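Participant: no sequence for this one, just the structure:
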Ligand SMILES: Nc1ncnc2c1ncn2[C@@H]1O[C@H](COP(=O)(O)OP(=O)(O)OP(=O)(O)O)[C@@H](O)[C@H]1O
Ligand SMILES: O=P(O)(O)OC[C@H]1O[C@H](OP(=O)(O)OP(=O)(O)O)[C@H](O)[C@@H]1O
């Protein structure tokens, strides 16, 4: 499980990375140079602690944790809901907040069996099923806002943070599907086998989240 019996944490590269590092720093961890500075290293050990970080794409964090390549992971709730991996969700870290919303053009008219473009096909399908609406979900990997502008789809399900991308593309948020923050997740076996190490890190992080109401 993990590497050399050390506690291994899968960290998402990209947007969440800095927020997660700040949180770990606040929790009293000495962050190795390779994590803080620009580095291409993918496995980084924390000096003086029985701890290593794996640097992975955000969408791959639940996969690494489910399969035990990492004992713990930091990941957005959006990815967690979409990936449906068999992991424990331990803590809402309250970092990298955003929301997953339904959006469209201002002049959108209801149609039978509308097309919905998204990076989140499972979440979209589940949500529309719950609404009793039949839709055709079209999977995109980015620039989802283009879809209603080009006739590729009628509406989109996508992340909204400042709302700038919607605004600058003449789209409006129609409904919030879910609020999103990043979570601490654990491999099921590691949670039991490394309960002391995981418990200690959990306590340190939970304390910071409680004291600071999360770091934005
Ligand atoms: N404005 C935002 N847009 C997208 N994700 C955001 C935003 N704000 C916070 N997040 C969080 O950041 C995560 C995405 O991070 P990031 O954009 O680095 O990854 P990504 O979608 O894999 O990017 P890419 O595919 O461009 O490499 C989401 O899962 C979400 O939880
Ligand atoms: O509300 P905002 O602050 O504008 O942020 C939301 C935008 O940011 C993300 O896109 P990203 O920059 O990751 O590009 P992408 O289209 O390639 O996913 C997301 O998919 C939205 O498009």
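Facilitator: That came in fine, so what should we check first? The structure displayed is predicted, hence computed values, not measured ones. Ligands and ions are numbered 1, 2, ... in the order given.
Participant: quick one: the strands in this protein?
Facilitator: Assigned by DSSP state E, the strands in the chain fall at 7-12, 43-46, 51-56, 72-76, 88-92, 98-105, 115-118, 136-139, 155-160, 171-180, 182-186.
Participant: is any part of the longest one close to ligand 1?
Facilitator: Just to be clear, that refers to strand 171-180. Yes - Strand 171-180 reaches ligand 1 (C-beta under 6 Å from any ligand atom) through residue 180. (C-beta placed from N, C-alpha, C; glycine too.)
Participant: Spatially nearest residue to residue 206 (excluding sequence neighbours)?
Facilitator: Spatial nearest neighbour of residue 206, chain neighbours left out: residue 91 (5.8 Å); criterion: C-beta to C-beta, 6 or more residues apart in numbering.
Participant: Could you check how far the helix or strand of the chain with the lowest mean pLDDT is from the centre of its chain?
Facilitator: Least confident helix or strand, the chain: helix 33-36 with a mean of 86, by mean pLDDT, DSSP states H and E. How far helix 33-36 lies from its chain's middle: 21 Å, per C-alpha atoms, centre = their mean, to the nearest Å.
Participant: list the contacts for the residue nearest to the spatial centre of the chain?
Facilitator: Centroid-nearest residue in the chain: residue 76, 1.7 Å away (criterion: C-alpha atoms, centre = their mean). Shown in contact with residue 76 (C-beta atoms under 8 Å, 6 or more residues apart in numbering): 12, 16, 58, 96, 98, 180-183.
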